[in-house]
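Asks: sequence and predicted structure below; questions after.
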Amino acid sequence: AGKSDGKGQFRFFDPALSATLKSKARLKHGLLEAIEREQFTLYYQPRVDTHTGELLSMEALLRWRHPALGMVSPAEFIPLAEASGLILRIGEMVIDMACAQLAAWQRAGARVVPVSINVSPKQFKRGGVKHQLTAALHRHGVAAALLEVEITESAMMGDQDEIIAELAAIRSLGVKLHVDDFGTGYSSLSQLQRLRMDVLKVDRAFTAELGTSREGRVFFQAIVSMAHALEMSVVAEGVETEQQLDILRALKCNEVQGYFIARPMPADDMQVMMERRFLLQPVETMDA
Ligand code: C2E
Ligand code: MG
Ligand code: MG
Ligand code: MG
């Protein structure tokens, strides 16, 4: 069966079972069952202020609790969910689950910070995302400022009028928009600013280059300064080492997310993080 180290990392050890996921027909059947049997759950990964280490927000990441395989990563099933159209049902469910969790944390008296959810371009093409967000926020009594939306850079390329209109409508609710995996597509920063994106999440491939090459650092620095000039905030994804964090501090990257700070975790563990509030040692500076 699938094995988990309890920290959001999952590996398959049984080739016969992992083959289950490789057969498209069986995977699709499994996804349908997973929706009906409520086998999906959200994990949460903190984003912290690069300078102070304060928990500022978090990302909701989907997990499938498979009865035989254990926790299955979205990388295994999102592509087929998108190809089969099931992403529309799953995406609506994710919006509801995130709002329900925010409401539960509020009832528990937690110091709640915003949650960002990943929205597939297929959901935007279909339309109605704004309506789903409004309905879920209202249903659970949650403020729009507590919800944020991530959309990959590649989803915004080209003349995608439906997506652009929907994004503008969502932003008008007070929901912040994040560009996910920035640097992997070909959109320009000025194009992203025209779309009024609030936050740029730089893909972890670029974070990985930070300690290893001067070019990597120069590239990241250019992204940060252009984003700031355009009044966008920058998040570094996939921060895994203290060295990367130190460089990102020097580059004035606003927020960091990655295994060095915390792995994705269940909601209860996330609540503990909210109470702790500062997840890194603050930086000592002479003029502080
Ligand atoms: P993403 O939105 O770019 O999410 C970040 C991914 O990087 C997550 O993988 C996270 O666990 C992983 N990660 C975080 N920190 C580190 C690190 O320091 N090192 C490394 N190597 N990885 C790190 P995850 O949870 O497996 O999700 C994979 C992708 O699946 C996400 O990439 C997102 O595109 C998609 N996804 C996840 N949840 C949803 C969802 O609810 N809806 C949709 N449509 N897509 C989702
Ligand atoms: Mg994301
Ligand atoms: Mg990403
Ligand atoms: Mg990604």
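Replies: Arrived safely, thanks for sending. These numbers come from a predicted model, not from an experiment. Numbers count the residues shown, from 1 in each chain. Ligands and ions are numbered 1, 2, ... in the order given.
Asks: make it CA atoms for all contacts and neighbour counts henceforth
Replies: Noted.
Asks: and the residue positioned nearest the centre of the chain, what is it in contact with?
Replies: The centroid of the chain falls nearest to Glu59 when counting by Cα atoms, centre = their mean (4.1 Å). With contact taken as Cα atoms under 8 Å, 6 or more residues apart in numbering, Glu59 is in contact with Tyr44, Gln45, Pro46, Arg47, Val115, Ser116, Ile117.
Asks: gap between it and Glu275?
Replies: Here Glu59 is placed at a distance of 17 Å from Glu275 (Cα to Cα, to the nearest Å).
Asks: what does Phe124 give?
Replies: Going from Phe124 to Glu275 by Cα to Cα gives 35 Å.
Asks: so the residue nearest to the centre of the chain sits in a helix?
Replies: No: assigned with DSSP: H, G, I helix; E, B strand; the rest coil, Glu59 falls outside any helix and is strand.
Asks: nearest residue to it in space, please, no chain neighbours.
Replies: In space, and not counting its chain neighbours, Glu59 is closest to Ser116: 4.7 Å by Cα to Cα, 6 or more residues apart in numbering.
Asks: next, count neighbours for that neighbour.
Replies: By other Cα atoms under 10 Å, 24 other residues sit near Ser116.
Asks: next one: Gly127
Replies: Quick note: Gly127 (other Cα under 10 Å) scores 16 neighbours.
Asks: residue contacts, it?
Replies: Contact analysis of Gly127 by Cα under 8 Å, 6+ apart lists Glu162, Ile163, Glu166.
Asks: how about the contacts made by the residue in the stretch 51-200 of the chain positioned nearest to ligand 3?
Replies: Per Cα to the ion, Asp181 is where the stretch 51-200 of the chain lies closest to ligand 3, at 4.2 Å. Neighbouring residues of Asp181 by Cα under 8 Å, 6+ apart: Thr152, Glu153, Lys201, Val202, Asp203, Arg204.
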